[in-house]
Each structure stands twice: as structure tokens, then as C-alpha cells.
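>>> output the structure for:
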Amino acid sequence: MSKPIHFITKNFDKYDVSSIGSYMNIGGFEALKKAVTMDGEDIAATIAEAKVKGRGGAAYDMGRKWSQARAVIGEKKVVICNADEGEPCTFKDRELITKDPFNLIESMIIAGYTVKAQDGYIYMREEYSHLRPLLLNAIRQAKSYGFLGTNILGKGFDFNIHLYSGAGAYVCGEGTALIRSIEGKAGRPRMKPPFMKQSGLFALPTCVNNVESLSIVPHLLLDDKKEYQNYGSGESIGTKLISVGGNVNTPGVFEIPFGTTVREIIYNYAGGIKEDRAIRLIQFGGASGKVANADLLDIPYTYDDLQKAGVIVGSGAILVIDERTSVIDFLRATQAFFSHESCGQCVPCREGNRHIKLFLEKLAAGTATQDDINAMKKIAKIMAMSSLCGLGETAQNALVSAMKVFPESFAIGGAK
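Okay, the predicted model is just below:
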């Protein structure tokens, strides 16, 4: 068994998650106390030095994002925690909220201080509604201890946190759709520009990060020995929370150092494949991620190595499918998800998902023609190039990558 790493997860099971006093007994809010003695640009530089990339899927340089958000001029600004963890097989953020809620609150306050925001919003998916009382309690206690409200820690810094729940729409994980949902509008994406950092929630400058991205910040600020930077290499420094699911013996959330091989993740951390069956495919990064076969097992889990191998880190999900499921049946299940979750606003996504679903049904039935295969390729390309948001742009990642990795499954005459 690979040695467990605990940097982002160092607080797990170490305190009573209902008690701010218990959190403070293990060093809680010490990072905030340090942060308010620093210049916000120095905080952003600390994150940039650790080469932290956004953990929601886009992998944008987080230190750079905070520096850019700080530079935007505005009397009022907003930070948003995207806890709308809707990517199938992705459940790492749920673990962070469940086992370390006060750390998330502390992280958001530090984010607000850094970018000069006055309000923070946590947007949490409807399926996590059972966690609302936990976060509301953490917010209430943080305010009673003076960590939220006016003149925080005597530094003239005012900041409050508000908790919103979505209605369960996958598309609301996209930043502009999320913002519209908080505003009480239909959760549908909008065109950019204007970009959110200039005009986001209530037309205010807005900085959006996901739960894992935020949760790492307090640990980095207190990492005087640079422990985090001892893990990984190159552009993939530190550790990463991953969620492993599918046909593995011990699915779950694991903190791994970048550079761990896919084989170690599946066979050591996740306990291997049930009944030692052969692997049919592995999907990286959630339903919108790309697929590979078992040839990828010895690839190091880093941004660069996975990209060179034709897949992505994405949301940090790894879905393992064994030999009992055909490639086409897997794609049909994935396509059913996107056909259901498309908001229907733009034609490429709405109609593209519908038609590809029909083509996959024909493939499964053995009635598809070569013209159908060619049409699928064309539609998938159009969707990636012209859809309004990331849902339509990435919905066919699994299909397009499967066509390359498993060409035999698209042979005319039946699914394999």
C-alpha cells in the first residue's frame, strides 16, 4: 500500500467539525491571522510559487487569478466558492466540506482579504443539502468569534459569507450559469466578455474558485518548511485530491503526490479491480474527460504526462470500467447524462447531444452505417468548436477519444 499523504487533508478526523474551538485547538485561523499581516499580492505570490492550478477542471494558475482579481478596480468585489460538484465520479470536494468545514470558511476569508472583496458566496449543489447545517454552523461560529463581519482581527477588513444551494443542474458548475442561479435567474451560461473578474455576480468584479483550490490556501500560508513543494515535479508540484470510482475494490477520495502512477492509484490506493477482472477503459476527469485503455497504467499522474498521453486531470476523477461493460454501452450512459443536462440554450449542444445519442443507440443495435460514424465525428467537432459553454465543448471528449483508442468498437456491424 502506498504511503498516505496528508497535506490538504491534514485536518481530517483531527477535530470536532461542529466546534470552532476544536478547530482552533489544532491551529485553525492561524493562517488567517498571518494573512492579514501580509500584502494581498504576497499571498497571491505564495500560491503562484507553489504552482497551484485551479482544481475545478480548467487548471488555471491560481496565484495569477488572485493577482488579476486583486488588480481589478471596484468599490465592491465578490469571491465565490464553487461547491457545485456535479461532474460524475467526482466527490473530493464533498469530503473537504464534510471533514474540514472551518478550513473552507477560513480559506474564503483569506481569499476575500487578498482580492479586496467584501462578500463571499458558497454555491453548493442540491445533492449536498445535508451539508448545509454544517456550513451554516461554521459561518455562524466564525462570525461570533470575529472572523467574519466588520473590522476582522482589527485590520479594518469587512467580509461576510453567504450560502446558496442550486437546484441540481450540472451546467451550473459553469461560472456564469452559477452566477445567474445565485441572482435568481435561470442557470444558463452567458457569452464572455465581459469576464467574471470584471463583471460577475450582481455585475460586480468576481473571483471564482472551487472547494479544493480554496482549501489548500491556509495550509500553504503555514507551510514554512515548503513541505508541499517537496512533492511532484515540473509544473505539477505538490499533492492532489482524487476521487476513484467504478469497478474498483475500495473506491474513495485519496490525496496523492503528483507523479504517482495510474497503476499505483488503481491497485494500491483503490485496491485493484473487483475479482481481478481486466480493465476495459479508464476515464480521467469526470464525464467530460477523455478515456484510455490499460496501456496508460504506468503513466505518472501529472498535468503534462496525462496530457501527452491524451487524457486530462480535469476534476480529479478516475473512473475504472472493467471488461463486463462494452465501450459503446459506457458511451451510451455518458451520453444520456449530457443529453439530460444540456440547458438547451445553444443549438450545437442541444441538437448535437440528441443526435449523437441516437447514433450510439444504432451502434449498440448493430444498425449504424459508415455515414452515421462520419456524422458523429462531424457533430462532435462542431460541438467542441461552437458550443456556448464548457458543457457542450467537452461533452464529446469521451466519444472522440474512444474513437481513437478503441476503433474496433466503431466497426460497422455491432458494438464491442
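
>>> lowest-pLDDT helix or strand in the chain?
Ranked by mean pLDDT, DSSP states H and E, the weakest helix or strand in the chain is strand 232-233, scoring a mean of 87.

>>> tell me the helix or strand right after it.
Once the chain leaves strand 232-233, the next helix or strand it forms, by DSSP states H and E, is strand 236-237.

>>> gap between that following strand and the chain center?
Relative to the chain's own centre, strand 236-237 is displaced by 17 Å; criterion: Cα atoms, centre = their mean, to the nearest Å.

>>> pretty sure F359 is touching A368, no?
Yes. Between F359 and A368 there is a contact under Cβ atoms under 8 Å: 6.5 Å. (Glycine included, C-beta is placed from N, CA and C.)

>>> can you give me the helices in the stretch 151-300 of the chain?
Counting by DSSP state H, counting those that start in this stretch, the stretch 151-300 of the chain has helices at residues 175-182, 211-221, 262-264.

>>> leaving out chain neighbours, which residue sits closest to the residue nearest the centre of the chain?
Centrality entry for the chain: nearest residue to the mean C-alpha point is G56, 2.6 Å, by Cα atoms, centre = their mean. The shortest distance from G56 to any non-neighbouring residue, by Cβ to Cβ, 6 or more residues apart in numbering, is to N210 (3.5 Å).

>>> burial count for that neighbour?
24 (other Cβ atoms under 10 Å).

>>> still on that earlier bit, element containing the residue nearest to the centre of the chain, please.
Applying DSSP H and E, one finds G56 in no helix or strand.

>>> give me every residue that touches it.
For G56, the contacting residues are 82, 173, 209-210, 212-213, 315, by Cβ atoms under 8 Å, 6 or more residues apart in numbering.

>>> of the residues you listed, closest to L153?
Nearest to L153 out of the contacts of G56 is N209 (Cβ to Cβ; 22.0 Å).

>>> contacts for the lengthiest helix in the chain next, please.
Longest helix of the chain, by residue count under DSSP state H: helix 347-365. The contact list for helix 347-365, computed with Cβ under 8 Å, 6+ apart, reads 328-329, 331-332, 335-336, 338-339, 342-344, 368, 372-373, 375-376, 379-380, 382-383, 386-389, 391-392, 395-396, 399, 410, 414-415.

>>> out of these, which are inside strands?
Judged by DSSP state E, strands contain none of these.

>>> from these, list the buried ones, please.
Burial by neighbour count, 16 or more other Cβ atoms under 10 Å: within the contacts of helix 347-365 this picks out 328-329, 331-332, 335, 338-339, 342-343, 368, 372-373, 376, 379-380, 382-383, 387-389, 391-392, 395-396, 399, 410, 415.

>>> find the residue closest to I318 in space, skipping its chain neighbours.
Nearest to I318 is V244, by Cβ to Cβ, 6+ apart, at 4.8 Å.

>>> same question for D100.
N11 (4.6 Å).

>>> SS state for the one you found?
With DSSP: H, G, I helix; E, B strand; the rest coil as the basis, N11 sits in coil.

>>> that one: how many residues sit nearby?
22.

>>> confidence score at it?
N11 is assigned 98 on the pLDDT scale.

>>> about what we covered before: so of the contacts of helix 347-365, which ones are in helices?
328-329, 331-332, 335-336, 338-339, 372-373, 375-376, 379-380, 382-383, 386, 391-392, 399.

>>> surely G86 is in contact with M124?
No. With contact defined as Cβ under 8 Å, G86 and M124 do not form a contacting pair (10.9 Å).

>>> for the nearest residue to E341 once chain neighbours are set aside, what are its contacts?
Leaving aside its sequence neighbours, E341 sits nearest to Y170 (Cβ to Cβ, 6+ apart; 3.9 Å). Shown in contact with Y170 (Cβ under 8 Å, 6+ apart): 86-87, 337, 341, 391.

>>> which residue ranges make up each domain of the protein?
Per automatic domain parsing, the structural domains of the chain span 20-221, 231-322, 327-410.

>>> sorry, back to before: how far out from the middle of the chain is the least confident helix or strand of the chain?
20 Å.

>>> what does it rub up against?
Taking Cβ under 8 Å, 6+ apart as the rule, strand 232-233 contacts 238-239, 257-259, 302.

>>> take the residues you listed and lay them out in TSV including neighbour count, distance to E106 and pLDDT.
Converted to TSV, the contacts of strand 232-233 look like this (neighbours: other Cβ atoms under 10 Å; distance: Cβ to Cβ, whole Å; pLDDT from 0 to 100):
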residue	neighbour count	distance to E106	pLDDT
G238	23	19	95
T239	23	19	96
P257	20	24	96
F258	22	25	96
G259	16	29	95
T302	20	29	96
